[in-house]
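# any chance you can model this:
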Amino acid sequence: MLYIISGFLFGLLIPYLARRIGKLIPASSGYILLKIFVPSHYMPWAKLKNNEAYMELFRRYFMRSIGWAIFTSAATILFALNFDTIFTWWYIAFLWILLLLVEVDKRFMLLPDILTLPLLLLGFAYAAKQGFWLIIPEPYFITCAANSALGAISGYLMPLIASLFVVWKYPEAFGDGDIKLLSAIGAWVGFAAMPYILLGSCLLFAAGWMINKRKIGPFGPAIVYATLIFVIFAFAALS
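A predicted model of the protein is given here:
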C-alpha cells in the first residue's frame, strides 16, 4: 500500500515539477530547487477561478496529473514486486527520476543536468554498495563498480560515435541531454546492457516517428521506455 500511495502522490507532482524545472532552465540547480519549493508569486484562487482560459488549462493540467499519478503508482508497485529487497527504494528512485525526465523532455525538449547527474551518481553509489539488480554475465575480474563506470562510459560514447554517421543529415540526432541520460542509465545497468537499450531506444523512436509522422521530437522518452522494458524483461528472464 505504501508503494501505491507514494507512487500516486509523486505522479501527481510530475507535471508540476516538470513545468517548474523546464521554465527555470538554465538557472543554477540550487536556484531551481529553491523555486520548486518556494514559488515567487501566488494568485488568489478567487481571482483565478473566474478566468475561463485559466480554468480550462487547469482542468487539462489536473487530468494530466491524474494520468501520471495512476501510471506512476502502477509502475512503482511493479518495481516493488519485482525488486523486493532492502534496496527497493533505490530502484523506485531510479524509476521516478526517469518518469520525470519523460515529462520534462516531452514538454520542453530538455533533459536537464539537475536530474541526469543525480541519476548518474545514484547509479555509481548503488553499484559500489550492492551491485546490479539485473545481472548480465560479465568477466569475473570486473567488479560491480567498474562495470558501472564502463556502463556510463559506453552510454556516453556509443551514441556519440553513432551520431557521427548521421550528423551530415541529422545534426541533432543525439543531443547532449540524450547522451548524458544514456550515460546515467549505463551506470545503473552496466556495460553489457547498453547496446540493447540504445537499439531499443532507436526502434521506439522510429516507431513513434512513423506513427506521428514527425522527424523532430524528444528522444528522451524512447530512451526511458526502452530502459524500463529491458530492465523488467531481463529481470523476469533471469528470475
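
# what element comes up after the worst-scoring helix or strand of the chain on mean pLDDT heading to the C-terminus?
In the chain, the helix or strand scored least confidently by mean pLDDT, DSSP states H and E is helix 45-48, which has a mean of 60. Where DSSP states H and E defines the elements, the next helix or strand beyond helix 45-48 is helix 52-82.

# elements contacting that next one?
Packing partners of helix 52-82 (3 or more C-beta pairs under 8 Å, 6 or more residues apart in numbering; DSSP states H and E): helix 2-24, helix 45-48, helix 88-108, helix 220-238. Glycine gets a C-beta too; all of them are placed from N, C-alpha and C.

# show me the contacts for the spatially most central residue of the chain.
Taking C-alpha atoms, centre = their mean, the centroid of the chain lies closest to L98, which sits 1.8 Å from it. When contacts are counted by C-beta atoms under 8 Å, 6 or more residues apart in numbering, L98 touches 119, 224, 227-228.

# again, only this time at 7 Å
Contact partners of L98, counting by C-beta atoms under 7 Å, 6 or more residues apart in numbering, are 224, 227-228.

# can you count the residues close to A145?
16 (other C-beta atoms under 10 Å).

# nearest spatial neighbour of it, chain-adjacent residues omitted?
Leaving aside its sequence neighbours, A145 sits nearest to A128 (C-beta to C-beta, 6 or more residues apart in numbering; 4.6 Å).

# any idea which element the one you found lies in?
A128 belongs to helix 113-129, assigned by DSSP H and E.

# no further queries at this time; thank you.
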